[in-house]
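**Student:** I'd like to go over a predicted model; first the sequence, then the structure.
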Amino acid sequence: MAKNAKPMFQSVSDQVFFYLKEKIINNELVPGSVLSIDRLSSEFGISNTPVREAVVRLESLDLVTVNRNRNITVSAMSRDKILDILEMRRLLETYGSRTAALDIADGEIAALEKIIDAVLADPADFEQYKRSDLELHDAVTRHIKNREIQASLKNLSISSLRIRYYARYYGEENPNLEESVVQITAEHRAILNALKTHDPDRVEQAVAAHLLNAEERTLKALDRFENRRDREAAEK
């Protein structure tokens, strides 16, 4: 079994899929990286079949591209694609937040507040912050009644995570990480405060403001990356 692979899933194909998905989302496998079926099979000590099955699933999430020559590469993240994903997430999640406002239980809100308090007590713990971010947005998504919208948001969450790490990795997003965590967590707190009122309009406004701010942060990071890339190209 490959190092760091997680043996908690039911099938070998699951293990390969989740292992590679995590590597791609975290930019440990950067866009353009070539994936070899034979090499992965050898690394995992398995046949080619479960690796191919995992690749098909990754392709369905647009995490890898199977080229005409059967070469497999980690998919690129263009600015247009990032803008499309961010816009779609904002439209769907603000819509879904109205249902969450009415349906979320006070106990759920209290549990989320404890998570946010823990983040603010130690903003240097980035893993804890990431968990808090996922918990909050999952709390909104799971109350959506429309199953198609809910499924779309779950798929978008994978792309959204990749965009976040892509921006951080390539754009050197806010070097003062703790300051960024505190700022974003304050936006999360505003969403929770709105959820306490169970007012759909207030919740939608708080979620929309947070997602617009997230877009702005991401695009600034991408601007820094593109400017640096252009400077480096001009110097060659």
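**Tutor:** Yep, it's here.

**Student:** Which stretches in the chain count as strands?
**Tutor:** When secondary structure is read from DSSP state E, the chain shows strands at 34-35, 64-66, 72-74.

**Student:** For the ones you listed, could you give me JSON lines that also reports mean pLDDT?
**Tutor:** Output for these, formatted as JSON lines (pLDDT from 0 to 100):
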{"stretch": "strand 34-35", "mean pLDDT": "94"}
{"stretch": "strand 64-66", "mean pLDDT": "93"}
{"stretch": "strand 72-74", "mean pLDDT": "94"}
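
**Student:** can you put the ones you listed in JSON lines and add distance to Ala111 and mean neighbour count?
**Tutor:** For the C-beta atoms, the positions are set from N, CA and C on the backbone; glycine is no exception. As requested, the strands of the chain are arranged in JSON lines below (distance: least, C-beta to C-beta, whole Å; neighbours: other C-beta atoms under 10 Å):
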{"stretch": "strand 34-35", "distance to Ala111": "39", "mean neighbour count": "16"}
{"stretch": "strand 64-66", "distance to Ala111": "36", "mean neighbour count": "18"}
{"stretch": "strand 72-74", "distance to Ala111": "36", "mean neighbour count": "18"}
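
**Student:** quick one, which of those is nearest to Asn155?
**Tutor:** Distance to Asn155, taken as C-beta to C-beta, is lowest for strand 64-66 among the strands of the chain, at 15.2 Å.

**Student:** tell me what that closest one is packed against?
**Tutor:** Strand 64-66 is packed against helix 48-60, strand 72-74, with contacts defined by 3 or more C-beta pairs under 8 Å, 6 or more residues apart in numbering; DSSP states H and E.

**Student:** Go through the strands of the chain and name the closest to Glu113.
**Tutor:** When the strands of the chain are compared by C-beta to C-beta, strand 72-74 sits nearest Glu113, at 37.8 Å.

**Student:** Neighbours of Ile149, how many?
**Tutor:** In terms of burial, Ile149 registers 17 neighbours under the definition other C-beta atoms under 10 Å.

**Student:** ok, and the closest non-adjacent residue to it?
**Tutor:** Distances taken as C-beta to C-beta, 6 or more residues apart in numbering put Leu92 closest to Ile149, at 5.5 Å, once the chain neighbours are dropped.
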